[in-house]
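J.: Sharing a sequence plus its predicted fold:
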Amino acid sequence: MKQTQKHPFDAAGLINAIPHGVALLDPGGRLLLLNNFLEALTGCRSEEVRGLPANLVLRSGLARKDDFLTRPKVTGESVALETDLVTAARRKIPVRLTVSPLAGEAGLVCHVEDISLVKKLDERVAAPDQGYGLLGHSPAMQKLMEFLPVLARTDATVLITGETGTGKDLLAQAIHDASRRAAYPFIKINCGALPETLLESELFGHVRGAFTGAHADKPGMFRLAQGGTLFLTEIGDLPLALQVKLLTVLDDREFFPLGSSKKVQVDVRVITGTHRQLEELIKAGQFREDLYFRLNVLRTHMPPLRERRGDVRLLADHFLQKFAADLHRPLRGFSAAVLEILEGYDYPGNVRELRNIVEYAVNVCPGERIIPGDLPENLRTGRRTGPAAPVEAVVVERIVVPASATVGPAPAGNWLETEKRMIMDALLSCKGNRGEAAARLGWGRSTLWRKIKQHGIG
């Protein structure tokens, strides 16, 4: 006996397991099923909208693109669109919509990806005076940028590793700013900067009379960060006694302030950072293994500057613009010899050291362009990773460009102008095909999309 199906795949359980919005449509473009994620995103229940035209529920993008549903049926290929989805509560959510035909002309499947976190992160990265520690075109930094939305969309604890000066605090700030907690405080505290007794009071607060000198109640950083994010840098220096208390707070979301018998409940996301090897500290009995497992839910690494090939010029240009503007200096950039020195230096102090080098040079430079004599003496005789590449080749090496690619000559100016020119050249040579342009530049499609938005191209 032939069985009938409610819809082409009868796979509600399957599409409900997908962590993005999914809608099944009949050949006429009418809704058959919304998965749970899309129901939550749109505010519409699947049973209530079944049989309605898709563009009445997935409003905005589908309504503006008449061929969005017809093209997949005609060509047999998927069609993608980035737009704002208008929910039942009339709230606009940036999304990426993809419609694909089902086999046998059974209908269509529409995939809806919420890209609001990516959009928010792009705005931060593109801001001229924010997030400079996260600038970078090296493969290591691009991988980190693409992982940021994953870190931001959850409340799980994050462990950020990396050498001193790499910008772990800026990464933590970026995670917070791209998360749902962005409207609440972001508070940073260095676990190695205070003695144990003061650190406990700083973290958890105290009541009046808890110790000598405690003349009034103090809320502590956990309570001040209520609803937001607490970044504990140098977590490897946290005393063992406080490690126990921190573990309890992470598990129970409550604690006793110093000297108090009344518990305080908090809703705070914890991000930690360290330049030390916590696994070695565990073996030495200086760090609790159970706390390590609790902190190491999500882990990411800030690469040292010596491993970020091609990022030095970008960062140096940014710092130059920033400090020159602060000091009202009409500086035109770096000489070719300075660029050669900057590209070849080893940077044991990472991004922080590069920042200090540029700030020093801007302050002492008497002319319009920074020359080797304006650099700190130790830099001119410092360690090098190897022979510096010719200045003409430096620009090309910032992005892995296949030999077949044709890029116009690098214009004068900073790296941002050069990158914009390279993107435009690639798009022109590929006749506007972003997929081909991304491949030619050696980037992923999402990376090219983000940079096009950042530079305001098209």
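T.: Cool, got the structure.
J.: Averaging pLDDT per element, find the lowest-scoring helix or strand in the protein.
T.: Using mean pLDDT, DSSP states H and E, the weakest-scoring helix or strand in the chain turns out to be helix 391-396, at a mean of 30.
J.: could you give the mean pLDDT of the helix or strand following that one?
T.: For helix 391-396, the succeeding helix or strand toward the C-terminus, using DSSP states H and E, is helix 415-429. Helix 415-429 comes out with an average pLDDT of 76.
J.: so what does the helix or strand just after helix 415-429 touch, helix or strand wise?
T.: Counting by DSSP H and E, the next helix or strand C-terminal to helix 415-429 is helix 434-441. The contact analysis (3 or more C-beta pairs under 8 Å, 6 or more residues apart in numbering; DSSP states H and E) places helix 434-441 against helix 415-429, helix 445-455. All C-beta spots, glycine's among them, are computed from the backbone N, C-alpha and C.
J.: Quick one: work out the angle between helix 434-441 and helix 415-429.
T.: Interaxial angle, helix 434-441 versus helix 415-429 (axes from the mean of the first three to the mean of the last three C-alpha atoms, to 10 degrees): 120 degrees.
J.: could you give me the average pLDDT of helix 434-441?
T.: 77.
J.: One more: stretch 167-178?
T.: Mean predicted lDDT for stretch 167-178 stands at 91.
J.: now swap in stretch 281-294 and tell me
T.: Mean pLDDT, computed over stretch 281-294, is 93.
J.: now swap in stretch 329-343 and tell me
T.: Summarised as a single mean, pLDDT over stretch 329-343 is 89.
J.: quick revisit: with distance to Glu48 and mean neighbour count added, can I get the helices and strands packed on helix 434-441 in TSV?
T.: Shown next, in TSV, are those (distance: least, C-beta to C-beta, whole Å; neighbours: other C-beta atoms under 10 Å):
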stretch	distance to Glu48	mean neighbour count
helix 415-429	43	19
helix 445-455	34	18
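J.: between those, which one is nearest to Glu200?
T.: Of all the helices and strands packed on helix 434-441, it is helix 445-455 that lies closest to Glu200, at 42.2 Å by C-beta to C-beta.
J.: next one: that closest one to chain centre, how far?
T.: What separates the centre of helix 445-455 from the centre of its chain is 14 Å, taken as C-alpha atoms, centre = their mean, to the nearest Å.
J.: Can I get it as CSV, trimmed to CA atoms?
T.: C-alpha atoms of helix 445-455 as CSV (Å, rounded to 0.1, in the frame of the first residue of the first chain):
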residue,chain,number,x,y,z
ARG,A,445,33.9,34.1,0.0
SER,A,446,33.0,35.4,3.5
THR,A,447,36.3,37.1,3.9
LEU,A,448,35.9,38.9,0.5
TRP,A,449,32.3,39.8,1.5
ARG,A,450,33.5,41.4,4.7
LYS,A,451,36.2,43.4,3.1
ILE,A,452,33.9,44.7,0.4
LYS,A,453,31.6,46.0,3.1
GLN,A,454,34.5,47.4,5.0
HIS,A,455,35.9,49.4,2.1
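J.: which other helices and strands contact that helix?
T.: helix 116-126, helix 139-152, helix 415-429, helix 434-441.
J.: one more time with 10 Å, if that's ok
T.: Judged by 3 or more C-beta pairs under 10 Å, 6 or more residues apart in numbering; DSSP states H and E, the packing partners of helix 445-455 are strand 79-86, helix 116-126, helix 139-152, helix 415-429, helix 434-441.
J.: Any chance of CSV for these, columns distance to Leu250?
T.: CSV is the format used below for the helices and strands packed on helix 445-455 (distance: least, C-beta to C-beta, whole Å):
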stretch, distance to Leu250
strand 79-86, 35
helix 116-126, 24
helix 139-152, 17
helix 415-429, 41
helix 434-441, 40
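J.: With Gly192 as the reference, name the closest of these.
T.: Short answer: helix 139-152, nearest of the helices and strands packed on helix 445-455 by C-beta to C-beta, at 23.8 Å.
J.: How about the contacts made by the nearest residue to Ile189 once chain neighbours are set aside?
T.: Spatial nearest neighbour of Ile189, excluding adjacent residues (C-beta to C-beta, 6 or more residues apart in numbering): Met221 at 5.5 Å. By C-beta atoms under 10 Å, 6 or more residues apart in numbering, Met221 lies in contact with 185, 187-189, 199, 201-205, 230-232, 268.
J.: Quick one, grab the pLDDT at Arg383.
T.: The per-residue pLDDT reported for Arg383 equals 47.
J.: How about Ala183?
T.: Predicted confidence (pLDDT) for Ala183: 85.
J.: Go ahead and confirm Cys434 touches Arg450.
T.: Cys isn't right for residue 434; it's Arg. No: under the criterion of C-beta atoms under 10 Å, Arg434 is not in contact with Arg450, lying 11.6 Å apart.
J.: ok and the biggest helix by length in the chain relative to helix 139-152, angle-wise?
T.: Counting residues, the longest helix found in the chain (DSSP state H) is helix 311-327. Here the directions of helix 311-327 and helix 139-152 differ by 70 degrees (the same axes, to 10 degrees).
J.: Output the contacting helices and strands for the helix or strand just after helix 311-327.
T.: For helix 311-327, the following helix or strand on the C-terminal side (DSSP H and E) is strand 333-334. The contact analysis (3+ C-beta pairs under 10 Å, 6+ apart) places strand 333-334 against helix 311-327, helix 336-344, strand 369-370.
J.: looking at the ones you listed, which is closest to Leu194?
T.: helix 311-327 (30.3 Å).
J.: Off-centre distance for that closest one?
T.: 21 Å.
J.: Please look at Leu448 and Glu419 and confirm they touch.
T.: No: under the criterion of C-beta under 10 Å, Leu448 makes no contact with Glu419, lying 11.1 Å away.
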